[in-house]
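Participant: any chance you can model this:
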Amino acid sequence: MCLAIPALIKSIEDKEAEAEVGGISRRISLWLTPEAKAGDYVLVHTGYAINIIDQEEAEETLKLLEEIAELSGEED
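Facilitator: Numbers count the residues shown, from 1 in each chain. As a prediction, the model looks like this:
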């Protein structure tokens, strides 16, 4: 199973961006989404931004991932 996670682009330098997910910053590649800009939400898979998404979709997806993590923790 493949999973892409929404991330907010904070800054861009060449073909790389500093992106934030859940308060954690990471460097990601923009080779597949050269049109992305600071302030955009992107789907990140294996370190690459693979698609630009709107804020509403990103927030909804992040909320669902948090709920899954909470439910998983309850099973332990």
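
Participant: where do the helices of the protein begin and end?
Facilitator: Counting by DSSP state H, one finds helices in the chain at the ranges 55-75.

Participant: for the longest strand along it, name the packing helices and strands.
Facilitator: Using DSSP state E, we find that the single longest strand of the chain is strand 5-13. Applying 3 or more C-beta pairs under 8 Å, 6 or more residues apart in numbering; DSSP states H and E, we find strand 5-13 packed against strand 16-21, strand 24-29, strand 41-45, strand 48-53, helix 55-75. For glycine as for every other residue, the C-beta is placed from the backbone atoms N, C-alpha and C.

Participant: so which of those comes closest to Ile9?
Facilitator: strand 16-21 (4.7 Å; C-beta to C-beta).

Participant: so for the closest one, what's the average pLDDT?
Facilitator: Averaging pLDDT along strand 16-21 gives 96.

Participant: contacts for it, please.
Facilitator: Residues outside strand 16-21 that contact it (C-beta atoms under 8 Å, 6 or more residues apart in numbering) are 5-12, 25-30, 36, 38, 42, 44, 49, 62.

Participant: what about the protein, any weak spots by pLDDT?
Facilitator: Applying pLDDT under 70 to the chain flags residues 75-76.

Participant: what about 80?
Facilitator: Applying pLDDT under 80 to the chain flags residues 1, 74-76.

Participant: distance check, Lys10 against Ile50.
Facilitator: Here Lys10 is placed at a distance of 18 Å from Ile50 (C-beta to C-beta, to the nearest Å).

Participant: on that earlier part again, now do the buried residues in the longest strand of the chain.
Facilitator: Pro6, Ala7, Leu8, Ile9, Ile12 (16 or more other C-beta atoms under 10 Å).

Participant: got it, and stretch 45-58?
Facilitator: Within stretch 45-58, the residues scored as buried using 16+ other C-beta under 10 Å are Ala49, Ile53, Ala58.

Participant: residues in contact with Gly22?
Facilitator: Leu62.

Participant: ranking the helices and strands packed on strand 5-13 by burial, who's on top?
Facilitator: strand 41-45 (a mean of 21; mean count of other C-beta atoms under 10 Å).
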